[in-house]
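> what follows is a predicted protein model with its sequence.
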2 protein chains.
Amino acid sequence: MAYNVLPLTKLVEQFERLPGIGRKSAQRLAFHMLGLPKEKAEEFANTILDAHRLIKKCAVCQNLTDQELCPVCADGKRDRSLICVVEDPRDVVAFERTREYNGLYHVLHGLISPMEGIGPDQLYIKELLARLSDGTVKEVIMATNPTVEGEATAMYLARLLKPMGLKVTRLAYGIPVGGNLEYADEVTLYRALEGRSEI
Amino acid sequence: MAYNVLPLTKLVEQFERLPGIGRKSAQRLAFHMLGLPKEKAEEFANTILDAHRLIKKCAVCQNLTDQELCPVCADGKRDRSLICVVEDPRDVVAFERTREYNGLYHVLHGLISPMEGIGPDQLYIKELLARLSDGTVKEVIMATNPTVEGEATAMYLARLLKPMGLKVTRLAYGIPVGGNLEYADEVTLYRALEGRSEI
C-alpha cells in the first residue's frame, strides 16, 4: 500500500499469506471485504472461527469432521473390508467426488519425507495399524500422490502391511482421461504401457 | 463438497463468494485455513473484523482511513489547489503508487449508471461541491475509468464544475507504456494520435 491505513494494510497482508494469492489479488480481496456489509464480513470471519472450533479429526480414519466419526466412517453402507490410504483430507474429497469408491479411508496427514524431517512416527500410521488388527479389513489401497515422497510412503506401508496377510494395492498409473499422448511424459507413457489391459 | 462436514462446507462457500475465487480455489483456501494453527486463523478473522470496525471514510475526500482525515488530506505538504476525482479508493492507491501526484483526491464511491439505477445523488458529489466553495481549488482532474459510466460521470461533473470557474481536466488516453501498437484497439490508437505532443 502506497499510503498507510494500518487496518487495511494488515488485511491485505493477511490475504497475501494465503496460497496462490499475490499482492494484487490480496489488495482486491481486502477492498472487497471492506466493501461488504458489516454483517457479511462478520459472517465470513465467524465461519473461519467456527470451522477451527468445530472441525477435528475422525476418531477412526483421521479425516476431518465435526462429529466423533466422519460421514464416511459413520455410513453403515460402506464396505468395511477396504481402506484407501491418502495423504490429505482433500484427497478424500477427490475420491468421494467420483461416487465410485465404496470403501473406507485413512488419512495420513502427510508423507514420509526425510528432507523435511518427517518420519513415520509423525504420520497417523499407528492408528492405521490399529484398524487392521481385527481382521475386518482385507485390502489396503495406497493412494498417495505419484511423487518421491508418495512412493516412499506407499512402499514403507506396503512392507509393513504385507506380512499381516493383507492385500496391498497401488492406484494405476497411466494417461489421464482426455489427456494427449503427445504431451505425456516418458515415465507416464511407460507406466501406461506396462499397465495395459485387454479390451 | 462430496461429503457433508457443515462447518467446512460453509467455509468453502464463504471463500467462493470472493471475487475471482472459483470452487477449486475456495476449497484449497478453506483447507489451508483449517490447517493453520488456531491463533493464525483467529488473527485472520480478527483482522477482517478490525478492518470493518476501524476503517471509515475520510471526512473531506471520502477515501478510506482509520482516522478522521485520510493520510493524504492530513498531509500538509500536498497541493490543495488540485483535486483528482476517482471512482474508488483503489484508484487512490494506484495514483499514490506513481509517487508523482501531489494534489488531493475525491472518491465518488461509484459512477453514474442509469442501467444500475445509480444517479448523481448516490455518489459523493455534494461533498465534492462543498470542497470547491472557498476558492482554494483551482483544478479538478477527472480520473474515472475510460468506460461508458466513467465518461458519463466525468462529463456530468465537468458540466457542473465549469460554470464555477474551475479548470476541469481529463486523464490522457493513449498507448500504455510498454504496450504494443499492433495490439492497441482502434479507439485507443485514434485517441493516442489525437493527443500527440511535440517531442
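Now that the structure is in, tell me what you want to look at. Keep in mind that this is a model prediction, so the values were computed, not measured.
> could you use CA atoms for every contact and neighbour count after this?
Will do.
> residues contacting stretch A:100-111, please?
Around stretch A:100-111, the neighbours that count as contacts under CA atoms under 8 Å, 6 or more residues apart in numbering or on different chains are A:60-63, A:72-73, A:78-89, A:92, A:95, A:118, A:123-125, A:128, A:149-150, A:153.
> for the one helix or strand in chain A whose mean pLDDT sits lowest, which helices and strands make contact with it?
Within chain A, confidence by mean pLDDT, DSSP states H and E is lowest for helix A:186-194 among all helices and strands, at a mean of 81. When contacts are defined as 3 or more CA pairs under 8 Å, 6 or more residues apart in numbering or on different chains; DSSP states H and E, helix A:186-194 sits against none of the other helices and strands.
> all strands for chain A, in order.
A:56-57, A:64-65, A:82-86, A:104-107, A:139-142, A:167-170 (DSSP state E).
> nearest spatial neighbour of the residue of chain A found nearest chain B, chain-adjacent residues omitted?
When distances are taken as CA to the nearest CA, chain A approaches chain B most closely through residue A:45, which lies 4.4 Å from it. In space, and not counting its chain neighbours, residue A:45 is closest to residue B:45: 4.4 Å by CA to CA, 6 or more residues apart in numbering or on different chains.
> who's in contact with the one you found?
Contact partners of residue B:45, counting by CA under 8 Å, 6+ apart, are A:44-46, A:48-49.
> how near is it to residue B:105?
Distance of residue B:45 to residue B:105, given as CA to CA, to the nearest Å: 31 Å.
> ok, residue A:176 - contacts?
When contacts are counted by CA under 8 Å, 6+ apart, residue A:176 is found next to no other residue.
> gap between stretch A:64-81 and the chain center?
Chain-centre distance of stretch A:64-81: 16 Å, with CA atoms, centre = their mean, to the nearest Å.
> coming back round to it: tell me the pLDDT of the residue of chain A closest to chain B.
The per-residue pLDDT reported for residue A:45 equals 95.
> and the lengthiest helix in chain A with helix B:38-54, angle?
Ranked by residue count, the top helix of chain A under DSSP state H comes out as helix A:38-54. An angle of 170 degrees separates the directions of helix A:38-54 and helix B:38-54 when computed by axes from the mean of the first three to the mean of the last three CA atoms, to 10 degrees.
> and helix A:38-54, C-alpha only, in PDB?
Listed next in PDB are the C-alpha coordinates belonging to helix A:38-54 (Å, rounded to 0.1, in the frame of the first residue of the first chain):
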ATOM      1  CA  LYS A  38     -20.700  -5.400   8.200                       C
ATOM      2  CA  GLU A  39     -22.800  -8.500   8.800                       C
ATOM      3  CA  LYS A  40     -21.400 -10.300   5.700                       C
ATOM      4  CA  ALA A  41     -17.800  -9.600   6.800                       C
ATOM      5  CA  GLU A  42     -18.700 -10.800  10.300                       C
ATOM      6  CA  GLU A  43     -20.200 -13.900   8.800                       C
ATOM      7  CA  PHE A  44     -17.000 -14.600   6.900                       C
ATOM      8  CA  ALA A  45     -14.800 -14.100  10.000                       C
ATOM      9  CA  ASN A  46     -17.100 -16.200  12.200                       C
ATOM     10  CA  THR A  47     -17.200 -19.100   9.600                       C
ATOM     11  CA  ILE A  48     -13.400 -19.300   9.900                       C
ATOM     12  CA  LEU A  49     -13.500 -19.300  13.700                       C
ATOM     13  CA  ASP A  50     -16.400 -21.800  13.700                       C
ATOM     14  CA  ALA A  51     -14.500 -24.100  11.300                       C
ATOM     15  CA  HIS A  52     -11.500 -24.100  13.600                       C
ATOM     16  CA  ARG A  53     -13.600 -24.600  16.700                       C
ATOM     17  CA  LEU A  54     -15.800 -27.400  15.300                       C
END
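> contacting residues for the residue nearest the centre of chain A?
Using CA atoms, centre = their mean, the residue of chain A that lies closest to the mean C-alpha position is residue A:88, 2.2 Å off. With contacts defined as CA under 8 Å, 6+ apart, the neighbours of residue A:88 are A:107-110.
> reformat these as JSON lines; add pLDDT.
As requested, those are arranged in JSON lines below (pLDDT from 0 to 100):
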{"residue": "A:107", "pLDDT": "96"}
{"residue": "A:108", "pLDDT": "96"}
{"residue": "A:109", "pLDDT": "94"}
{"residue": "A:110", "pLDDT": "93"}
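> neighbour-wise, which of those residues leads?
For these, neighbours were counted by other CA atoms under 10 Å in any protein chain shown; the highest total belongs to residue A:107, with 27 neighbours.
> for that residue, name its beta-bridge partners.
On the basis of DSSP bridges, residue A:107 takes part in beta bridges with residue A:86.
> for it, give its distance to residue A:54.
Using CA to CA, residue A:107 is found at 19 Å from residue A:54.
> also residue A:190?
Here residue A:190 is placed at a distance of 46 Å from residue A:54 (CA to CA).
> go on, residue A:42?
Using CA to CA, we find residue A:42 at a distance of 18 Å from residue A:54.
> comparing those two, which residue is more hemmed in?
Each of residue A:42 and residue A:54 has its neighbours counted (other CA under 10 Å); residue A:42 has more, 18 against 14.
> what pLDDT does the closest residue to that one other than its chain neighbours get?
When the adjacent residues along the chain are set aside, residue A:42 lies closest to residue B:49, with 6.4 Å between them (CA to CA, 6+ apart). Residue B:49 is assigned 94 on the pLDDT scale.
> also the one 10 residues further on?
In this model, residue B:59 is scored at 95, pLDDT.
> residue B:65 is in contact with that one, correct?
No - the pair formed by residue B:59 and residue B:65 falls short of the contact definition of CA atoms under 8 Å, at 9.4 Å.
> who has more neighbours out of the two?
The neighbour comparison of residue B:59 against residue B:65 (other CA under 10 Å) goes to residue B:65, with 24 against 15.
> residue contacts, the more buried one?
Taking CA under 8 Å, 6+ apart as the definition of contact, the neighbours of residue B:65 are A:5, B:55-58, B:71.
> same question, residue A:61
Listed by CA under 8 Å, 6+ apart, the contact set of residue A:61 reads A:70, A:73, A:104-107, A:127-128.
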